[in-house]
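>>> Dropping the sequence and predicted coords here.
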Amino acid sequence: MSYDENDSSSISILNGTTNSTNPTQAVLIAFQIGRTISCFCIIFGILGNITLIFTISRSSFLYFPYGLLLLFISTFDIIRLISTIIYYLLQGKIIPLTLSTLTIYVTLYRYPKNVTNWLKVFLAIERFIAVKYWIKNRYNIHSNHAKTLNRLRQRKLLLIILILLLCSLISQHPNLIPYRFISTRIDPLRLLIVNKPNPNFYYANHLFNGILFTIISYIILDDLLPIIILIICNTCLLYQLRRLPTITSKKLADSIYILFFLTIFSIFIIPRSFLVVFNLYTNPEYINDTIISVVFHSFQGLEMINSAITGYTCFLSCRALRKDLIRNLQIIFRRNNNVLKSSIIELKTVSQERS
């Protein structure tokens with residue numbers, strides 16, 4: 001994550017009374033903890049999400065709106081985890097920090113996070129519709145009409161996802177413009193990427209307001225609004241789940257529990273949004289660099305859990321997904337064993353012919 005370096009009314013959190021140019025021990029410890037958690041989440045998160053994509057793409061889940069949404073969520077979670085790799089490569093100066101590399105990082109960080117949060121909202125709405133559909137059509141769920149309706153829902157969902165991708169791209173468009181900033185650097189006190197905004201930057205023939213854009217895009221559209229909707233939808237779903245018949249409740253419970261756990265871990269992204277709000281309206285003279293840095297780096301690692309946990313949450317909460325994973329692994333192992341056996345037989349045949 002990068003911050004803008006402005007005057008006292010901006011989100012710069014440099015402490016003017018600090019004379020040292022080196023981070024404190026507390027900042028270094030928090031940075032190492034955040035980096036360790038992030039590395040752990042990157043490795044196991046990418047592995048879990050790839051496994052989930054593999055399982056859904058080779059099972060009947062792919063033909064249901066619910067499975068399709070999980071497929072897109074896990075895909076953008078992988079992109080989000082990759083952006084963290086770029087972040088720490090920039091911090092380690094392995095990749096040079098320029099306006100171009102900063103633009104690439106910010107895009108890979110902000111865009112998939114926005115898309116993933118709203119995909120979870122779509123997943124909650126889809127589950128709510130599914131619950132209502134089960135209540136009204138519980139005896140006709142396997143009819144031809146139900147299957148046709150499900151295919152129509154899937155097509156509509158693909159169109160909605162496409163619209164979401166375009167809308168998210170439009171909302172993040174200012175992040176794609178490198179000359180929105182004059183310069184960028186790594187602050188030695190806080191170990192954060194700090195950007196100096198361009199005061200003469202015009203967007204759509206209007207002077208760009210970076211603070212207003214941060215509030216609307218980063219805080220409201222990216223984090224707060226979708227998570228609030230998720231919490232409301234989860235409350236309604238859990239209430240509706242209790243009203244369903246026992247058999248129907250068991251069939252829908254797994255998917256609702258997946259959404260519930262994904263919502264819980266999504267809350268980890270909120271603190272850094274409030275941190276930005278706090279910096280926007282607080283005089284930098286009253287902010288302690290150490291406290292801000294420790295909070296930021298700690299939640300940097302915790303926020304990664306939100307992207308890393310998707311695959312594991314789905315497998316732990318849904319028995320059908322676990323069965324499909326085991327079945328696909330068995331098919332792969334059997335195929336490899338057959339190839340190995342055929343290779344051994346061919347080698348024996350060739351050796352016997354030569355002898």
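Yep, that arrived.
>>> can you map out the strands along the stretch 101-250 of the chain?
Assigned strands in the stretch 101-250 of the chain, in chain order: 181-187, 192-197, 202-203, 206-207 (criterion: DSSP state E, counting those that start in this stretch).
>>> buried set for the longest one?
The reference is to strand 181-187. Buried residues in strand 181-187, counted by 16 or more other C-beta atoms under 10 Å: 181, 184, 187. Backbone N, C-alpha and C define where each C-beta goes, glycine included.
>>> now stretch 265-278
Neighbour-count burial for stretch 265-278 flags 265-266, 268-270, 272-273, 275-276 (criterion: 16+ other C-beta under 10 Å).
>>> What of stretch 258-266?
Buried, per 16+ other C-beta under 10 Å, within stretch 258-266: 258-263, 265-266.
>>> From those residues, which shows the smallest pLDDT?
The lowest pLDDT within the buried residues of stretch 258-266 belongs to residue 265, which sits at 78.
>>> Now that residue: closest residue in space, sequence neighbours ignored.
In this structure, residue 265 finds its nearest non-sequential neighbour in residue 306, 4.7 Å apart by C-beta to C-beta, 6 or more residues apart in numbering.
>>> Go through the helix or strand hosting that neighbour and flag the buried ones.
Using DSSP states H and E, residue 306 sits in helix 289-308. Burial within helix 289-308, assessed by neighbour count using 16+ other C-beta under 10 Å, is assigned to 289-290, 292-308.
>>> next structured bit after it?
helix 310-317.
>>> Restrict that following helix to CA atoms and write it as PDB.
Written as PDB, here are the backbone C-alpha positions of helix 310-317 (Å, rounded to 0.1, in the frame of the first residue of the first chain):
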ATOM      1  CA  THR A 310     -10.500 -18.600   0.100                       C
ATOM      2  CA  GLY A 311      -9.500 -22.000  -1.100                       C
ATOM      3  CA  TYR A 312      -9.100 -23.600   2.300                       C
ATOM      4  CA  THR A 313     -12.400 -22.100   3.500                       C
ATOM      5  CA  CYS A 314     -14.300 -23.600   0.600                       C
ATOM      6  CA  PHE A 315     -12.800 -27.100   1.100                       C
ATOM      7  CA  LEU A 316     -13.200 -27.100   4.800                       C
ATOM      8  CA  SER A 317     -16.900 -25.900   4.600                       C
END
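>>> so how far is that helix from its chain's centroid?
Offset of helix 310-317 from its chain centre (C-alpha atoms, centre = their mean, to the nearest Å): 14 Å.
>>> what's near enough to touch the closest residue to residue 270 other than its chain neighbours?
Setting aside the residues directly before and after it, residue 270 is nearest to residue 223 in space (C-beta to C-beta, 6+ apart), at 5.9 Å. Contacts for residue 223 (C-beta atoms under 8 Å, 6 or more residues apart in numbering) come out as 117, 269-270, 273.
>>> which ones among those are found in helices?
Counting by DSSP state H, the part of the contacts of residue 223 found in helices is 117, 270, 273.
>>> ok, of those residues, which one's closest to residue 148?
residue 117 (31.4 Å; C-beta to C-beta).
>>> With adjacent residues omitted, what lies nearest to the closest one?
residue 226 (4.0 Å).
>>> so that neighbour sits right up against residue 121, yeah?
Yes - applying C-beta atoms under 8 Å as the test, residue 226 and residue 121 come out as touching, 5.0 Å apart.
>>> Compare those two and say which is more crowded by neighbours.
Higher neighbour count among residue 226 and residue 121: residue 226, with 24 against 19, using other C-beta atoms under 10 Å.
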